[in-house]
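In: Here is my input, please return the structure:
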Amino acid sequence: MNSYFLTLVLKPDLEEKTREELLGEIKKKLTMDNGKLTKDDMWGVRDLAYPIKKQAKGFYAHFEFDAEPGVIKGLDNSLKVEENVLRFLMVRV
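Out: Predicted coordinates for the structure are as follows:
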């Protein structure tokens, strides 16, 4: 099992309920197959350095977790197709 950091930038205009549902799904995927979420920080809405998908701001969320490599591939694929995720960065530490 490896340790990872995941930082997400979500659309800033999402309703709180929709955002919480999306983040809940992501947390659920992180803890699949005996994964362990060690830290989650919601950084809130911040200005972007440059527009992404016509958005000048984004809602930032940061997770630190332990998971199997197979879980990472599935999570990566699902984040790529999620329309409410502007950008994400997942790094093994």
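
In: which helix in this protein runs the most residues?
Out: When the chain is parsed with DSSP state H, its longest helix is helix 16-30.

In: pLDDT (mean, whole number) over that one?
Out: Helix 16-30 comes out with an average pLDDT of 94.

In: I'd like the numbering to begin with 32 instead of 1 from here.
Out: Fine by me, first position is 32 from now on; the one you just mentioned is helix 47-61.

In: got the buried residues for that helix?
Out: 50, 53-54, 57, 60-61 (16 or more other CB atoms under 10 Å). The C-beta positions use only the backbone N, C-alpha and C, and glycine is treated the same way.

In: So which of those is the closest to residue 92?
Out: Closest approach to residue 92 among the buried residues of helix 47-61 (CB to CB): residue 54, at 6.1 Å.

In: got the contact list for that closest one?
Out: 73, 92 (CB atoms under 8 Å, 6 or more residues apart in numbering).

In: ok so, going back, make a markdown table out of the buried residues of helix 47-61 and add distance to residue 106.
Out: Listed next are the buried residues of helix 47-61 as a markdown table, based on distance: CB to CB, whole Å:
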| residue | distance to residue 106 |
| --- | --- |
| 50 | 18 |
| 53 | 13 |
| 54 | 13 |
| 57 | 8 |
| 60 | 5 |
| 61 | 7 |
